[in-house]
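*Asks:* Okay, here's the prediction I keep looking at, along with the sequence it came from:
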Amino acid sequence: MEKKVSRIGVLTSGGDSPGMNAAIRAVVRTGIYNDLEVYGIMRGFQGLLENDIYKMESRSVANIIQRGGTILKTARCKDFFKPEGRKKAYDVLVKRGINGLVVIGGDGSFRGAVDFSNEYNIPVIGIAGTIDKDIYGTDFTIGFDTAVNTAVEAIDKIRDTADAHDRLFIIEVMGREAGFIALHSGIATGAENILVPERKTNLEDIINSLQEKERRKKLVNIIVVAEGDENGGATNIAALIKERLPLIEARVCILGHIQRGGAPSCLDRLIASRMGYHAVECLVEGRYNVFVGIQHNKMNYVPLEKVSKKRGTISEEWMKIVKILAS
Ligand code: F6P
């Protein structure tokens, strides 16, 4: 593994996130600046298995920093989680002479990458590209800021109509296993309740608070729920509330994949550029198999293995703030 990296591959894997293009651009241009050859691997690990790889030049990443999605496309590749799949990937890398990888994705992608680098001694650097923000070792993940702002804009609009009709709205945001989008968008829009997969949902508390608010004629209520809530998302929550409070005027809105698209925010472009730059610097300097995060506005390099086993967590302080502010 200690031999010098000269030809690197970059791929995006898992759910796309706004800002991935900015990260690809930074990897390509920093690589070229350091006299490396840079190869774009299409559709994540799937494209690696299939040798769907092309050489990138500085111009290949022109005019993409402002675009959502990923020019390299992405996939969730089941075969890469099998030893035979990883062997195939290794053979492709050897054939192409690629001796370093930058993986832009979420925790699932890092798990595959760690197994790969352990088995085949290929240096891998991880960058967190996920709207879910559930990655250990970083205050930011690429795409979260854009996604949460998309959710905030939508929820603000819903509050206007909820207020006009004195209605309860249950709004579902993304997050199959993580509640950061629900937490941040809920706090930022003054939601009365925020339900996240990381905490047990107490339906009794919600019913009580709705009844208490009804007594003081506060009929506009917003509940923001992450799709991975134990009760199964907004539609189920609405049905459970209706069972207990049949007269309540309730509507459901599922924001869905619009949260994953759109032009990346300035913050997402900046962190993607910074992480992409440092990922290549790591390969150049021989700092292998690390995850490049940002904590307290400083680069944080964590062994990729550690990041793939841990998760970002929601603090008790945030949950307390939610409770106090949503009265
Ligand atoms: O990218 C992460 C994520 O957006 C989760 O929040 C969500 O549950 C999942 O991806 C949806 O994935 P897909 O688009 O494959 O249905």
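*Replies:* Received, thanks.
*Asks:* just checking, residue 277 touches residue 30?
*Replies:* Yes: Residue 277 is within contact range of residue 30, at 4.8 Å (criterion: C-beta atoms under 8 Å). C-betas here are computed from N, CA, C, even on glycine.
*Asks:* Between those two, which is the more surrounded one?
*Replies:* Shown here are residue 277 and residue 30; by other C-beta atoms under 10 Å, residue 30 has more neighbours (22 against 19).
*Asks:* quick one: the helix or strand containing residue 185 near the ligand?
*Replies:* Using DSSP states H and E, the element containing residue 185 is helix 180-188. No: interface with the ligand: helix 180-188 contributes nothing (C-beta under 6 Å from any ligand atom), its closest point being 7.2 Å away.
*Asks:* Against which helices or strands is that helix packed?
*Replies:* Secondary-structure packing of helix 180-188 (3 or more C-beta pairs under 8 Å, 6 or more residues apart in numbering; DSSP states H and E): helix 144-165, strand 168-173, strand 193-195, strand 221-226, helix 316-325.
*Asks:* Give me the angle between the second one and helix 144-165.
*Replies:* Read that as strand 168-173. Counting by axes from the mean of the first three to the mean of the last three C-alpha atoms, to 10 degrees, strand 168-173 lies at 160 degrees to helix 144-165.
*Asks:* what does the last one give?
*Replies:* Note on geometry: by the same axes, to 10 degrees, helix 316-325 and helix 144-165 are set 20 degrees apart in direction.
*Asks:* which parts of the stretch 1-150 of the chain sit against the ligand?
*Replies:* Residues of the stretch 1-150 of the chain lying near the ligand (C-beta under 6 Å from any ligand atom): 15, 130-132.
*Asks:* ranking those by neighbours, who comes first?
*Replies:* Most neighbours among those, by other C-beta under 10 Å: residue 131, with 31 neighbours.
*Asks:* so who does the residue in the chain positioned nearest to the ligand touch?
*Replies:* Closest contact between the chain and the ligand, by C-beta to the nearest ligand atom, is at residue 15 (2.2 Å). By C-beta atoms under 8 Å, 6 or more residues apart in numbering, the contact set of residue 15 is 74, 76, 106, 130-132, 260.
*Asks:* a helix runs through it, doesn't it?
*Replies:* No: secondary structure assignment (DSSP: H, G, I helix; E, B strand; the rest coil) places residue 15 in coil, not in a helix.
*Asks:* my read: residue 209 touches residue 192, true?
*Replies:* Yes: assessed by C-beta under 8 Å, residue 209 is found in contact with residue 192 at 7.0 Å.
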